[in-house]
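1. generate coordinates for the sequence data below:
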Amino acid sequence: MSSPRPRGRCVGPLVALAVVAAALAAVAAWNPFHLVWSGRCATVLVAAALVLSVAAATLRLQTTGARAAVVVAGVLVVAAWSAAAWVSAALTPELVVISEVAGPPGSRIRLALVEVQTLAVDGRTFSVRARAGTGALAQESVVWTVRSAEIPRPQPRFVDARHVEIIDAAGCTLRSDVDPVTLGVDPVDAPERSTGCG
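-> All right, here's what the predicted structure looks like:
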């Protein structure tokens, strides 16, 4: 009669999966392609890495008491992480599109003027954002941000397929490079308040 398969043999695969989940979470948090959903993906992957780590630790321990303690601690950590993620999601600003400018022919990038609705009480916040794609492949990057009591009327336009210009109400011009693949923006103009040029 063959002996039962030791639980310890499952520890290695679980640890490997936990490492993979943690690595993917780090990439999602880094978000080099400015994907809109990356934050939620990172949250799920961190939770998965925690669960897999707890499972691996539980299988490695020999006594019932120790395993129970690890499970309880793991449940508390995952619950705390989930609660923090929920609060973060609830506080995420809502973006209300005011206007949008399409890119030049053949470009997948567009510029959107949005109001960033937050809990701040020191004025309204507006932003011009580069956007591309839809659904799971939606990308977004901040190009210009300002706080103003009234809706600003910047004049965003495409100079070419990867350069954009924004002329604000004061006549100041910002020119930024927008990578057509990653949607990385350089430079990003985000003053605390609308002042003069400079």
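2. at the geometric centre of the chain, which residue sits there?
-> With the centre of the chain defined as its mean C-alpha position, the nearest residue by CA atoms, centre = their mean is G39, 3.6 Å away.
3. quick one: contacts of stretch 158-178?
-> Residues outside stretch 158-178 that contact it (CB atoms under 8 Å, 6 or more residues apart in numbering): 101, 103-104, 106-107, 109, 111, 128, 130, 141, 143-144, 146, 152-157, 179-180, 184-189, 194, 196-198. All C-beta spots, glycine's among them, are computed from the backbone N, C-alpha and C.
4. what's the ChimeraX line that selects buried ones from the residues you listed?
-> Applying 16 or more other CB atoms under 10 Å to those, the buried members can be selected in ChimeraX as follows:
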select :103,109,111,128,130,141,143,144,146,152,154,156,179,184,185,189,194
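5. CA-only coordinates of the helix or strand the residue nearest to the centre of the chain falls within in CSV, if you can.
-> Using DSSP states H and E, G39 sits within helix 38-60. What follows is the C-alpha trace of helix 38-60 in CSV, where atoms were taken according to Å, rounded to 0.1, in the frame of the first residue of the first chain:
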residue,chain,number,x,y,z
SER,A,38,-3.5,48.5,-14.0
GLY,A,39,-4.2,49.6,-10.4
ARG,A,40,-7.1,47.1,-10.0
CYS,A,41,-5.0,44.4,-11.6
ALA,A,42,-2.2,45.0,-9.1
THR,A,43,-4.6,44.9,-6.2
VAL,A,44,-5.9,41.4,-7.3
LEU,A,45,-2.4,40.1,-7.9
VAL,A,46,-1.2,41.2,-4.5
ALA,A,47,-4.2,39.5,-2.9
ALA,A,48,-3.5,36.3,-4.9
ALA,A,49,0.2,36.4,-3.8
LEU,A,50,-0.9,36.7,-0.1
VAL,A,51,-3.3,33.8,-0.4
LEU,A,52,-0.7,31.6,-2.1
SER,A,53,1.9,32.5,0.5
VAL,A,54,-0.4,31.6,3.3
ALA,A,55,-1.3,28.3,1.7
ALA,A,56,2.3,27.4,1.2
ALA,A,57,3.2,28.3,4.8
THR,A,58,0.2,26.3,6.1
LEU,A,59,1.3,23.2,4.2
ARG,A,60,4.9,23.5,5.4
